[in-house]
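[1] What follows is a predicted structure for the sequence shown.
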Amino acid sequence: MKNGGGKRRRGGGERVRYAVIGQGYFAQAAILPAFRQADGCELHAIFSEDETKLRSLKRRYGVAAALGYDQYDEYLGSGEVDAVYVALPNDMHAEYTVRAARAGVHVLCEKPIAVNVDEAERMVRTCRENRVKLMVGYRLHFEPYNLELIRIARARELGALKFIAATAGTIPDPGQWRLDKKLAGGGSMVDIGIYALQAVRYVAGEEPVSVSARLGITDRATFKDIDETLAFSMTFPSGVVASCVSTYASHVSRIDVAADGGHFGLEPQLYYHGIKGFRSDGKPFAFPDMDQFAAEMDDFAACVRDGKPTRVPGEEGLRDVRIIDALYRSAATGRDIKLA
C-alpha cells in the first residue's frame with residue numbers, strides 16, 4: 001500500500017484499522033456502534049471539529065486517537081490507519097476522499113458519493129491513480145432480504161420481470177444540513193430516494209436507458225431550493241419500466257416487483273432493522289436480523305486485506321450521481337432524458 005509512514009497492514013487475518021471522519025447523529029447512532037459487531041475491523045481513530053464530542057466518544061469507544069480536522073492529513077500520513085469511513089455532509093465527501101487517497105488510505109464513503117458528477121469522477125480517478133479502494137456506503141448490498149430480491153429476479157423464480165415500483169421516504173428534522181442544498185447537493189432524492197434508485201437498478205440487473213421526473217413541493221418554506229417529493233420513472237433495455245417516489249413527506253419504504261408469474265418485494269425495504277419480504281406464491285421469505293453497517297465494513301476490510309474488488313465501488317456511486325443529475329434535469333425541463 002502506498003504510504004510514506006510505511007505502517008499499513010496488509011494480508012493475513014489482521015483487523016483493518018478504521019478512522020471515522022465526522023461525528024454527527026448518523027455516525028454516532030449507526031457507524032460507531034457497528035464496530036462492536038464487525039469482526040474484521042478496529043475503530044482506531046475519530047475526527048470531529050467538536051472537542052466535546054471527541055472527549056466523550058474517545059472515552060466511550062476507547063479509540064487510539066480523537067482528532068480535529070486540521071490533523072487529518074498528518075495523521076493519515078503516519079500509517080496508523082488503513083481505511084477511513086467518510087461520514088461528513090455530502091459536500092465534503094470529495095475533499096476528504098481525495099485527501100485520504102493521496103495519503104494511500106482506502107476509503108469507505110457514505111452515500112451519495114458526491115454532490116455532482118465532476119466531484120464523483122474526481123474521487124474515482126484519484127483513488128484509482130493512488131491504487132486505493134473506494135467503496136460507497138450502500139449497506140443494502142450486504143443485507144439478506146435485498147440480496148434475496150436479486151436472487152429471485154435473476155433466477156426468474158416467478159418469471160420474467162415486467163414492472164418495478166419503489167418508494168423511499170423519511171421526514172427530516174428541521175434545521176438539518178440535509179435541507180441545505182449547498183451541503184446536501186439536493187433534497188429527498190440524494191438522501192432517501194437514492195435507495196429506491198439503487199433497489200430498482202440491482203433488481204433489474206441492467207442500466208436505465210431513459211428517465212423522467214416530476215417535482216412536488218407542498219411546503220415551500222422548508223423546501224426552498226430542494227425537492228420535497230420527486231416522482232420518477234426509468235426505462236430499461238429489456239422493456240422493464242420502474243415507477244418510483246422519493247419523498248421527505250412521510251416515512252415510507254417499499255419495493256414491489258411484478259413478474260409474469262406473480263410478484264415479490266419488501267416492506268419495509270431500507271430500514272436498519274425490521275425488513276420484511278413477501279412473495280405472491282407464499283414461499284418463505286425471512287432472515288435473521290443483522291447489523292448492516294458491520295457487514296458493510298467487514299466486507300470492505302476483507303477487500304483491503306485480500307486485495308479483492310468491492311461489490312459497490314466508486315463507479316457504482318458515480319452511476320447513481322449521473323442518473324440523479326438526469327432526473328433533476330428532467331424535473332426542471334419537463335422532458336424525458338436519454339442516458340448513454
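    That came through fine. Residues are numbered from 1 along each chain as shown.
[2] The stretch 51-200 of the chain: helices as residue ranges?
    For the stretch 51-200 of the chain, the helices defined by DSSP state H, counting those that start in this stretch cover 51-61, 72-77, 93-102, 117-129, 144-155, 181-184, 188, 194-204.
[3] Next, the angle from the third one to helix 117-129.
    To tie it back to what came earlier, the one meant is helix 93-102. 10 degrees (axes from the mean of the first three to the mean of the last three C-alpha atoms, to 10 degrees).
[4] Relative to the whole chain's centre, how far out is helix 93-102?
    17 Å (C-alpha atoms, centre = their mean, to the nearest Å).
[5] Would you mind pulling up the elements that it packs against?
    For helix 93-102, the packing partners by 3 or more C-beta pairs under 8 Å, 6 or more residues apart in numbering; DSSP states H and E come out as helix 72-77, strand 83-86, strand 106-109, helix 117-129. All C-beta atoms are positioned from the backbone trio N, CA, C, and that covers glycine.
[6] The stretch 201-340 of the chain: strands as residue ranges?
    Counting by DSSP state E, counting those that start in this stretch, the stretch 201-340 of the chain has strands at residues 210-216, 229-235, 241-247, 252-259, 262-266, 277-279, 337-338.
[7] Adjacent strands (with direction) for the fifth one?
    In the sheet containing strand 262-266, the strands it pairs with under DSSP bridges are strand 252-259 (antiparallel), strand 277-279 (antiparallel).
[8] wait, which of those strands is closest to Leu43?
    Relative to Leu43, the nearest member of these by C-beta to C-beta is strand 252-259, separated by 28.6 Å.
[9] follow-up on the earlier one: please work out which of the helices and strands packed on helix 93-102 is packed deepest.
    With neighbours taken as mean count of other C-beta atoms under 10 Å, the helices and strands packed on helix 93-102 reach their highest mean count in strand 106-109, at a mean of 27.
[10] sorry, back to before: winner for burial among the helices of the stretch 51-200 of the chain?
    With neighbours taken as mean count of other C-beta under 10 Å, the helices of the stretch 51-200 of the chain reach their highest mean count in helix 188, at a mean of 26.
[11] can you give me how far stretch 298-306 is from the chain middle?
    The chain centroid and the centroid of stretch 298-306 are separated by 17 Å under C-alpha atoms, centre = their mean.
[12] just for the chain, where's the confidence low?
    Within the chain, the stretches with pLDDT under 70 are 1-13.
[13] Please name the nearest non-neighbouring residue to Gly261.
    Gly159 (3.4 Å; C-beta to C-beta, 6 or more residues apart in numbering).
[14] Now the longest helix along the chain: buried residues?
    Scanning the chain for the helix with the most residues, using DSSP state H, yields helix 314-333. The neighbour-count check on helix 314-333 (16 or more other C-beta atoms under 10 Å) flags 314, 316-328, 330-331 as buried.
[15] Among these, list the two that are farthest apart in space.
    Farthest apart among these - using C-beta to C-beta - are Gly314 and Ala331, which lie 25.8 Å from each other.
[16] ok so, going back, could you redo the strands of the stretch 201-340 of the chain as CSV and give each row mean neighbour count?
    Compiled in CSV, the strands of the stretch 201-340 of the chain are given as follows (neighbours: other C-beta atoms under 10 Å):
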stretch, mean neighbour count
strand 210-216, 19
strand 229-235, 22
strand 241-247, 23
strand 252-259, 21
strand 262-266, 21
strand 277-279, 17
strand 337-338, 14
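[17] Export those strands as CSV, with columns for distance to Arg102.
    CSV is the format used below for these (distance: least, C-beta to C-beta, whole Å):
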stretch, distance to Arg102
strand 210-216, 34
strand 229-235, 35
strand 241-247, 34
strand 252-259, 38
strand 262-266, 40
strand 277-279, 43
strand 337-338, 34
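[18] Gln37 is nearest to which of the helices and strands packed on helix 93-102?
    Once these are compared by C-beta to C-beta, strand 83-86 is nearest, at 14.6 Å.
[19] The closest one: partners in the sheet, and parallel or antiparallel?
    Counting by DSSP bridges, strand 83-86 is paired with strand 16-21 (parallel), strand 106-109 (parallel).
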